[in-house]
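Student: All I have is the shape, not the residue letters:
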């Protein structure tokens with residue numbers, strides 16, 4: 001039987017990269033961390049750690065076990081949170097990961113509703129893009145992940161359940177000269193996150209050109225500032241423009257370009273009460289913030 005404490009130590013070493021950093025994070029002494037690692041090697045019968053210069057690194061077996069340990073510890077922490085939240089939602093926590101434009105629009109409304117209806121329930125927020133949010137969800141670091149996907153996005157892994165929140169149209173964002181995608185085939189483009197950039201390439205390919213992506217940034221303030229300064233054009237979703245709209249840029253809806261917003265959970269239903277309460281408030285706030293179907 002593997003010891004959970006020792007798995008937690010191994011996961012911390014893998015995450016931080018050293019015994020010293022893991023000891024600091026766990027509030028252990030360095031000898032205690034080393035002792036747990038040695039005992040774990042005895043329990044598993046595998047070499048997990050090897051010297052690397054003045055430090056250490058995980059062996060292939062150590063890396064594999066560390067990845068599993070991360071998932072196990074996340075699930076244990078999640079179970080403890082769920083059990084606490086079962087007490088009439090008077091206490092406990094629920095953890096949410098969401099992408100930036102969701103955090104800038106409907107998520108704060110959901111947070112306020114949750115605080116009003118369940119004042120003893122603590123909400124923890126993490127900003128991250130969908131791929132990382134889903135990894136955190138599978139590992140048990142968050143209870144809900146607000147994500148987006150396009151029609152051509154690869155399907156999510158087994159075990160991921162999606163609750164549809166809203167559909168978000170995309171807009172061509174320019175300064176001074178509007179038009180459609182093809183009319184900007186010779187313009188320089190500003191790309192966003194990997195999932196959005198891939199969708200932009202598909203949109204442009206559909207109308208017959210490959211965009212020259214001169215800049216890449218996930219920051220919706222920075223990308224609009226670049227457009228306003230004449231450094232290029234871009235495509236942005238409606239939520240991003242609702243969160244921030246630079247006064248010197250124009251937005252024209254791109255026909256047929258919709259991203260679908262979901263709240264993702266992991267595992268079989270029913271959801272724990274705290275998770276169900278968060279899902280309900282997300283659905284309510286998303287309905288109230290559905291972007292209008294015209295240029296923002």
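Tutor: Nice, I can see it. Everything numeric here is computed off the predicted structure, so don't read it as measured data. Numbering: from 1, shown residues only.
Student: Do a quick rundown of the helices in the chain.
Tutor: Assigned helices in the chain, in chain order: 4-16, 19-26, 30-44, 60-85, 100-103, 106-117, 130-139, 194-206, 220-228, 238-243, 273-288 (criterion: DSSP state H).
Student: for the ones you listed, which one sits closest to residue 264?
Tutor: Closest of the helices of the chain to residue 264 is helix 130-139, at 5.9 Å (criterion: CB to CB). C-betas here are computed from N, CA, C, even on glycine.
Student: Does anything pack onto that closest one? Which helices or strands?
Tutor: Applying 3 or more CB pairs under 8 Å, 6 or more residues apart in numbering; DSSP states H and E, one finds that helix 130-139 contacts helix 60-85, strand 93-98, strand 144-149, strand 160-174, helix 194-206, strand 250-266.
Student: For the ones you listed, which has the smallest mean pLDDT value?
Tutor: Set side by side, these give their lowest mean pLDDT on helix 60-85, at a mean of 80.
Student: So which other helices or strands are in contact with that one?
Tutor: Judged by 3+ CB pairs under 8 Å, 6+ apart, the packing partners of helix 60-85 are helix 4-16, strand 93-98, helix 130-139, helix 273-288.
Student: what is the mean pLDDT for the longest one?
Tutor: Confidence over helix 273-288, taken as the mean pLDDT, stands at 92.
Student: and that helix, what does it pack onto?
Tutor: Looks like helix 273-288 contacts helix 60-85, strand 93-98, helix 106-117, strand 144-149, strand 160-174, strand 250-266 (3+ CB pairs under 8 Å, 6+ apart).
Student: What are the buried residues along that helix?
Tutor: Neighbour-count burial for helix 273-288 flags 273-283, 285-286 (criterion: 16 or more other CB atoms under 10 Å).
Student: Check stretch 37-53 too.
Tutor: In stretch 37-53, counting by 16+ other CB under 10 Å, buried: 37, 40, 41, 48, 49.
Student: pLDDT and distance to residue 138 for those - can I get that in TSV?
Tutor: As requested, these are exported to TSV (pLDDT from 0 to 100; distance: CB to CB, whole Å):
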residue	pLDDT	distance to residue 138
37	91	25
40	91	23
41	90	27
48	91	23
49	88	26
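Student: Of all pairs in those, which one is the farthest apart?
Tutor: In these, two members sit farther apart than any others by CB to CB. They are 40 and 49, at 9.1 Å.
Student: rewinding a little: dump the buried residues of stretch 37-53 into CSV; add distance to residue 227 as well.
Tutor: Formatted as CSV, the buried residues of stretch 37-53 follow (distance: CB to CB, whole Å):
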residue, distance to residue 227
37, 51
40, 53
41, 55
48, 50
49, 50
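Student: how far away is the residue nearest the centre of the chain from residue 40?
Tutor: Centroid check for the chain by CA atoms, centre = their mean gives residue 133 as the closest residue, at 2.9 Å. Applying CB to CB, to the nearest Å, the value for residue 133 to residue 40 is 30 Å.
Student: Ok, residue 168 next?
Tutor: Using CB to CB, we find residue 168 at a distance of 46 Å from residue 40.
Student: Need the contact partners of stretch 4-12.
Tutor: For stretch 4-12, contacts defined as CB atoms under 8 Å, 6 or more residues apart in numbering pick out 21-22, 25-26, 28, 33, 36-37, 39-40, 43, 48, 62, 65-66, 69-70, 72-73, 76.
Student: How about stretch 194-206?
Tutor: When contacts are defined by CB under 8 Å, 6+ apart, stretch 194-206 is touched by residues 129-131, 148-150, 152-153, 170, 181, 185, 189, 191-192, 210-211, 213, 216, 235, 237, 254, 257, 259.
Student: re the thing from before, any idea which of the buried residues of stretch 37-53 is closest to residue 118?
Tutor: Nearest to residue 118 out of these is residue 40 (CB to CB; 39.2 Å).
Student: Okay then, goodbye and thanks.
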